[in-house]
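Undergrad: Got a predicted structure plus its sequence, pasted below:
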Amino acid sequence: MNWFDKLLPPKIKEKSSGKKAIPEGLWSKCPGCSAVLYCAEIEKNANVCPKCDYHMRISGRRRLEGFLDEHGRAEIGLNLRPVDFLKFKDIKRYRDRLNDAAVSTGETEALVVMQGSVKGVPLVAGAFEFNFMGGSMGSVVGERFVRGVDCCLKEGLPLVCFSASGGARMQEAVISLMQMAKTSAALTRMSAAGLPFVSVLTDPTMGGVSASFAMLGDVILAEPKALIGFAGPRVIEQTVRETLPEGFQRAEFLLEHGAIDMIVHRHAMRDKIASLLSLLGPHRLASAGVAAVPVNP
Amino acid sequence: MNQNFLDFEQSIADLESKIESLRYLESNGELNIKEEIARLRTKSRKLTESVFSSLTPWQVAQLARHPLRPYTLDYVGRVCRDFEELHGDRSFADDPAIVAGIARFMDRPVAVIGHQKGRDTREKVRRNFGMPRPEGYRKALRIMKLAERFNLPILTFIDTPGAYPGVGAEERGQSEAIARNLYEMSRLRVPIIATIIGEGGSGGALAIGVADRTLMLQYSTYSVISPEGCASILWKSTDKAPLAAEAMGITADSLKALGIIDGIVPEPLGGAHRDVDGACQALKVAIETLFTTLLAIPVDELVERRYRRLMEYGQFEEA
């Protein structure tokens, strides 16, 4: 070690040599505070940094497993599979991208939907798998969402959806654009039936997902610092030719601009949503013809 | 190089300029070259027919953005009568990238909504190149609600590169504005006919495009992202836009085959800008047929059918 290396603060040294020192998959660096964390510890904490509370992305399935009560879960639309109906090929074939995504995530598509309950409140919940092609919305995502809604309509249940998506899936071209209209339209039936939809925006919720059902929640929650918006920050920067202000399109920014109702810590999500749903309903009729009025305990 | 012609039309442009110069000679009365002009005209028409008989999707995309292409107000003025433009979203501003109002179509009052691009530089900037901000979509929604209240069928005209990606637009809820229109349009209790007249750019287009029937002009496009945007993300280079246009199937023919649109309105030879009146007449006829059909459907059934149709979008397998 020469004299210059000795002078360097540990943080800079870590940048040059840190990668090699950490065995793959055992340790991970927090994107928020750069702390090096033991992966098992992060996982135990629902992918929230134990040091700085940074909310790292979490797989859709793990999200639902942590969110729903342990018993009485049933997956909806698991049998739906994507089709490469356009034979779409960029530098890679769509079919190959689908296979790769399936292998790396263990999922068949970018949205997981389950019927279950949260603290005893029955509901249907969906969660996006961001690692499946950027959580992009194609035909299967749209259809699973709608089947979730249909289940709610049939059984009189509320709906919760955790979004994490870059937007529409380009490889399904205009059919993916139509999923925006399809999912949004389905929510009109939820409203008509008096069933609440709680939309939870997690990092990131952009493009066609944000510009459809995700922004149509009766109540809209977001996780801290989640990136949420229509156009991506890079596109905006190129258009307006100026650097964007700090915190632009983050959950806190949206709260300030009146776009969302509240920011909820991942650990508090279960309690918060159970509480909201107990207030919103659906309040079942005690007997036919009697208006359902929530009663104070 | 003639700016009124696109790259792939240069051979036609050359012939046309030759005809022009011969006509100039003729008017001087020095030579009798009527026959020669007639021969060149036929040749020019044949050439145009052959060029336009095999356009690539990328060439169609260029036509859809042609600087002389008729815009919403050009169509509204010729397709409808008594157009009264209405302004403002009642909460923030009036967005000139969307025009909306009430008019008469086939002697029946209707509501009209469309993206509007500008012709000259000043107007282009004022209209923000047809890229709406949230207040534009909220104005559109206000007019749709007004249409529902007074039982006016809605005609929409789509022509936008996309919703505007700007700081203010994000601050005022671009996503929510688009989402809200999709939601409300799907249950609006009046017939809606949407026509893509130029560029159908993504969510910004769909936000006034949920309809009972959708038409596309022959040389217009409709896609989830612009060919350039798609190319830059998937090919990492905007130069590959022609490939992206091909892959996404953005033309009227492809979309008809996918069942996304109901009809293709033929354009005059060489594109709508070569004969604006002709293009408007063709569109008017096409809308008239749909209009009569939709008005005959009881409103409950109309809304139910629209919903069913939306739910059918998507191609997948059930394992």
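TA: Perfect, thanks for sending it. What you see is a predicted model; the values in this text were computed from it and never measured.

Undergrad: what ranges do the helices span in the stretch 1-150 of chain A?
TA: Using DSSP state H, counting those that start in this stretch, the helices of the stretch 1-150 of chain A run over residues A:3-7, A:10-21, A:39-44, A:60-67, A:94-105, A:139-155.

Undergrad: winner for burial among the ones you listed?
TA: Mean neighbours per residue, mean count of other CB atoms under 10 Å in any protein chain shown, is largest over these for helix A:139-155, with a mean of 23. Every residue, glycine included, has its C-beta placed from N, CA and C.

Undergrad: Let's have the helices of the stretch 1-150 of chain A in JSON lines, adding mean pLDDT and distance to A:R73.
TA: Below are the helices of the stretch 1-150 of chain A laid out as JSON lines (pLDDT from 0 to 100; distance: least, CB to CB, whole Å):
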{"stretch": "helix A:3-7", "mean pLDDT": "66", "distance to A:R73": "54"}
{"stretch": "helix A:10-21", "mean pLDDT": "50", "distance to A:R73": "39"}
{"stretch": "helix A:39-44", "mean pLDDT": "92", "distance to A:R73": "20"}
{"stretch": "helix A:60-67", "mean pLDDT": "97", "distance to A:R73": "8"}
{"stretch": "helix A:94-105", "mean pLDDT": "97", "distance to A:R73": "19"}
{"stretch": "helix A:139-155", "mean pLDDT": "98", "distance to A:R73": "13"}
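
Undergrad: Select the longest helix from chain A.
TA: What stands out as the longest helix in chain A, according to DSSP state H, is helix A:173-192.

Undergrad: What mean pLDDT does it get?
TA: Averaged across helix A:173-192, pLDDT comes to 97.

Undergrad: any residue of that helix up close to chain B?
TA: Yes: using CB under 8 Å from any CB of the partner chain, we find that helix A:173-192 touches chain B at A:173-182, A:184-189.

Undergrad: residue ranges for the strands of chain B, please.
TA: B:81-86, B:98-105, B:108-115, B:154-160, B:192-201, B:213-217, B:221-223, B:263-265, B:316-318 (DSSP state E).

Undergrad: Quick one, which of those strands gets closest to chain A.
TA: strand B:316-318 (4.4 Å; CB to the nearest CB).

Undergrad: which other helices and strands contact that closest one?
TA: strand A:80-82, helix A:139-155 (3 or more CB pairs under 8 Å, 6 or more residues apart in numbering or on different chains; DSSP states H and E).

Undergrad: If you count neighbours, what's buried in the shortest one?
TA: Right, the one you point to is strand A:80-82. A:80, A:82 (16 or more other CB atoms under 10 Å in any protein chain shown).

Undergrad: Just put the helices and strands packed on strand B:316-318 in a markdown table and tack on distance to chain B.
TA: What follows is these, written out as a markdown table (distance: least, CB to the nearest CB, whole Å):
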| stretch | distance to chain B |
| --- | --- |
| strand A:80-82 | 4 |
| helix A:139-155 | 3 |
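
Undergrad: about what we covered before: what about burial for the residues of helix A:173-192 next to chain B, which qualify?
TA: Buried among these (16+ other CB under 10 Å): A:173-182, A:184-189.

Undergrad: So which elements touch the longest helix of chain A?
TA: helix A:139-155, helix A:207-210, helix B:174-185, helix B:202-206, strand B:221-223, helix B:241-248, helix B:299-312.

Undergrad: if I look at A:K119, how far off is A:E75?
TA: To A:E75, A:K119 is 20 Å away according to CB to CB, to the nearest Å.

Undergrad: got it, and A:S59?
TA: 14 Å.

Undergrad: Check B:R108 too.
TA: Counting by CB to CB - B:R108 and A:E75 are separated by 50 Å.

Undergrad: For the two, work out which one has more neighbours and name it.
TA: It is A:E75, of B:R108 and A:E75, that has more neighbours when counted by other CB atoms under 10 Å in any protein chain shown, with 14 against 11.

Undergrad: For the more buried one, which residues are in contact?
TA: Listed by CB atoms under 8 Å, 6 or more residues apart in numbering or on different chains, the contact partners of A:E75 are A:112-114.

Undergrad: What's opposite it in the beta bridge?
TA: The partner list for A:E75 in beta bridges (DSSP bridges) reads A:M114.

Undergrad: check contacts around residue 63.
TA: Defaulting to chain A. A:127, A:162.

Undergrad: To clarify, I was referring to chain B.
TA: Per CB under 8 Å, 6+ apart, neighbours of B:L63: B:6, B:55, B:69, B:219, B:271.

Undergrad: could I get these as CSV with distance to chain A, neighbour count and pLDDT?
TA: Shown next, in CSV, are the contacts of B:L63 (distance: CB to the nearest CB, whole Å; neighbours: other CB atoms under 10 Å in any protein chain shown; pLDDT from 0 to 100):
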residue, distance to chain A, neighbour count, pLDDT
B:L6, 24, 18, 91
B:L55, 19, 17, 95
B:R69, 21, 23, 97
B:Y219, 17, 27, 97
B:G271, 22, 24, 96
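
Undergrad: Could you identify the most distant pair in the residues you listed?
TA: B:L55 and B:R69 (14.6 Å; CB to CB).

Undergrad: Direction-wise, compare the longest helix of chain A with helix B:299-312 and give the angle.
TA: Put simply, helix A:173-192 runs at 130 degrees to helix B:299-312, going by axes from the mean of the first three to the mean of the last three CA atoms, to 10 degrees.

Undergrad: Might you report the residue contacts of B:G314?
TA: Here B:G314 is in contact with A:138-140, A:142-143, A:175, A:178-179, A:182 (CB under 8 Å, 6+ apart).

Undergrad: Same check on B:T221?
TA: B:57, B:60-61, B:64, B:196, B:198-200, B:245, B:250-251.

Undergrad: Compare the residues you listed and tell me which is most surrounded.
TA: Top of those by neighbour count (other CB under 10 Å): B:G200, with 33 neighbours.

Undergrad: Run through the bridge partners of that one.
TA: Where B:G200 sits in a bridge, its partners, by DSSP bridges, are B:T160, B:Y222.

Undergrad: Is it in contact with B:S223, as I believe?
TA: Yes: taking CB atoms under 8 Å as the definition, B:G200 is a contact partner of B:S223 at 6.7 Å.

Undergrad: got the residues of the stretch 51-200 of chain A near chain B?
TA: Going by CB under 8 Å from any CB, the residues of the stretch 51-200 of chain A near chain B are A:79-83, A:85-86, A:88-91, A:138-140, A:142-143, A:146, A:168-170, A:172-182, A:184-189.

Undergrad: Show the pLDDT at B:I37.
TA: 86.

Undergrad: Please work out how many residues are found near it.
TA: What B:I37 shows, counting by other CB under 10 Å, is a neighbour count of 16.

Undergrad: Excluding chain neighbours, what is closest to it?
TA: B:L22 (5.3 Å; CB to CB, 6 or more residues apart in numbering or on different chains).

Undergrad: what residue ranges in the chain are flagged as low confidence?
TA: Unless you meant another one, I'm taking chain A. A:1-24, A:284-297 (pLDDT under 70).

Undergrad: Oops, wrong one, chain B.
TA: Using pLDDT under 70, the flagged stretches of chain B are B:1-3, B:26-31.

Undergrad: List the contacts of stretch A:245-253.
TA: Contacts for stretch A:245-253 (CB under 8 Å, 6+ apart): A:201, A:222-229, A:233, A:260, A:263, B:167, B:170.

Undergrad: I figured A:A214 was touching A:L201, is that so?
TA: Yes: contact criterion CB under 8 Å: A:A214 and A:L201 qualify, at 6.0 Å.
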